[in-house]
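J.: Sharing a model that was predicted from the sequence below.
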Amino acid sequence: MNRQHAAPLALNFSDEAAMLEWATAAARLLNPGLVIHLIGDLGMGKTTLSRGLIQGLGHAGNVKSPTYTLVEPYELPDITVYHFDLYRLADPEELEFMGVRDYFSPATVCLIEWPEKGQGVLPQADISINITQWQLGRRVSLVAASSNGQAQINSWRAA
């Protein structure tokens, strides 16, 4: 993909509730087959954004960060979402031992917190979501790294 044509989408949220509301609504337009990297310091809202997407796709229960299990599957009626949290990953090779490549398919969405910890093993992101401090809230910057990622961002922009 020609990166100079990739238009990032930047969103500012005044609080956690606003970010959760956007993610829940954005889930309705989420296409399968995406790998989404969630990047940000501790406490920036990576799990909050994941929760909104997963619940927006129809999951009615809690969505907790899979910090100790590394991955939490959500088998929903129309899509399967794998939520990864690699914060405690000691070595990217651990991902190979758990068969990480089996999680990525055209029928799934993979949300990956702390993707840098799995560098060299994880596939490239279709979308990188960078979450940073903005006033008292958060700035969420969505950057496409594939044509599928750009199509997804364009659908969110148009909504």
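T.: That came through, no problem.
J.: all strands of this protein, in order?
T.: Secondary structure of the chain (DSSP state E): strands at 9-13, 34-39, 71-75, 80-85, 108-113, 127-134, 137-144.
J.: Give the closest residue to residue 21 in space, chain neighbours not counted.
T.: Spatial nearest neighbour of residue 21, excluding adjacent residues (Cβ to Cβ, 6 or more residues apart in numbering): residue 52 at 7.3 Å. Where you see a C-beta, it was placed from the backbone N, CA and C, and this is true even at glycine.
J.: Distance of the one you found relative to residue 98?
T.: 26 Å (Cβ to Cβ, to the nearest Å).
J.: Equivalent analysis for residue 34, please.
T.: For residue 34, the distance to residue 98 - Cβ to Cβ - is 21 Å.
J.: and what of residue 104?
T.: Distance, residue 104 to residue 98, using Cβ to Cβ: 13 Å.
J.: Looking at those two now, which is surrounded by more residues?
T.: For the pair residue 104 and residue 98, the greater number of neighbours falls to residue 104 (15 against 12), based on other Cβ atoms under 10 Å.
J.: Just confirm that one contacts residue 110, I think it does.
T.: Yes - if you go by Cβ atoms under 8 Å, residue 104 and residue 110 touch, sitting 5.8 Å apart.
J.: which neighbours do those two share?
T.: Taking Cβ atoms under 8 Å, 6 or more residues apart in numbering as the criterion, residue 104 and residue 110 both touch residue 35.
J.: circling back: could you dump the strands of the chain to TSV with mean pLDDT?
T.: TSV is the format used below for the strands of the chain (pLDDT from 0 to 100):
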stretch	mean pLDDT
strand 9-13	95
strand 34-39	98
strand 71-75	95
strand 80-85	96
strand 108-113	97
strand 127-134	96
strand 137-144	95
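J.: okay, those strands in CSV with mean neighbour count next?
T.: Formatted as CSV, the strands of the chain follow (neighbours: other Cβ atoms under 10 Å):
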stretch, mean neighbour count
strand 9-13, 16
strand 34-39, 23
strand 71-75, 16
strand 80-85, 24
strand 108-113, 24
strand 127-134, 18
strand 137-144, 20
